[in-house]
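Asker: Using only what follows, build the 3D model:
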Amino acid sequence: QVQLTESGGGLVQAGGSLRLSCAASGRSSSTYGMGWFRQAPGKEREFVAAIDWSGGTTNYADSVKGRFTISRGNAKNTVNLQMNSLKPDDTADYYCVASKVALPTLDRHDYLGQGTQVTVSS
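Answerer: Next up, the predicted model:
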């Protein structure tokens, strides 16, 4: 079993930055693809970004390309999401996700964190 623990959410003004982090605990978690989903109030969950186990391959939602950067930490069982130029539309609960194979997607992932709230004020 793998547990995912997120940190770094909070309140920020539009145009500001936040950095989310997620640590995975459990056997072989450093070999998992990891990523982030988000869900705004009243909306469906959406994919944000993903990275493979080596950090060599990444994928982003069009809505965050050029503003968000996903990376693996020095400890390969961690993943970070640097969010710049934040917009009120980025307000959501952000969930860390892990997949045993390749890059996690909405339809294919194995573990989901509890979520951390991000609020962007206008």
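Asker: Where does the spatially most central residue of the chain fall, secondary structure wise?
Answerer: Nearest to the geometric centre of the chain sits residue 36, at 2.4 Å (C-alpha atoms, centre = their mean). Residue 36 belongs to strand 33-39 when assigned by DSSP states H and E.
Asker: Tell me the gap between whichever helix or strand comes after that strand and the middle of its chain.
Answerer: Next along the chain after strand 33-39, taking DSSP H and E as the criterion, comes strand 46-51. Distance of strand 46-51 from the chain centroid (C-alpha atoms, centre = their mean, to the nearest Å) equals 6 Å.
Asker: Next, the buried residues of strand 46-51.
Answerer: 47, 48, 49, 50, 51 (16 or more other C-beta atoms under 10 Å). C-beta coordinates here come from the backbone N, C-alpha and C atoms, glycine included.
Asker: Strand partners (parallel or antiparallel) of it?
Answerer: strand 33-39 (antiparallel), strand 58-60 (antiparallel) (DSSP bridges).
Asker: Put the alpha carbons of it into PDB.
Answerer: What follows is strand 46-51, C-alpha atoms only, in PDB (Å, rounded to 0.1, in the frame of the first residue of the first chain):
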ATOM      1  CA  GLU A  46      -9.300  17.300 -13.900                       C
ATOM      2  CA  PHE A  47      -5.700  16.300 -14.800                       C
ATOM      3  CA  VAL A  48      -3.000  18.900 -14.100                       C
ATOM      4  CA  ALA A  49       0.400  17.400 -14.600                       C
ATOM      5  CA  ALA A  50       2.300  14.100 -14.400                       C
ATOM      6  CA  ILE A  51       5.900  12.900 -14.400                       C
END
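Asker: So what touches that strand?
Answerer: 33-39, 57-61, 64, 68, 70-72, 79, 81, 94, 97, 99, 103-106 (C-beta atoms under 8 Å, 6 or more residues apart in numbering).
Asker: Which parts of the chain are helices?
Answerer: Counting by DSSP state H, the chain forms no helices at all.
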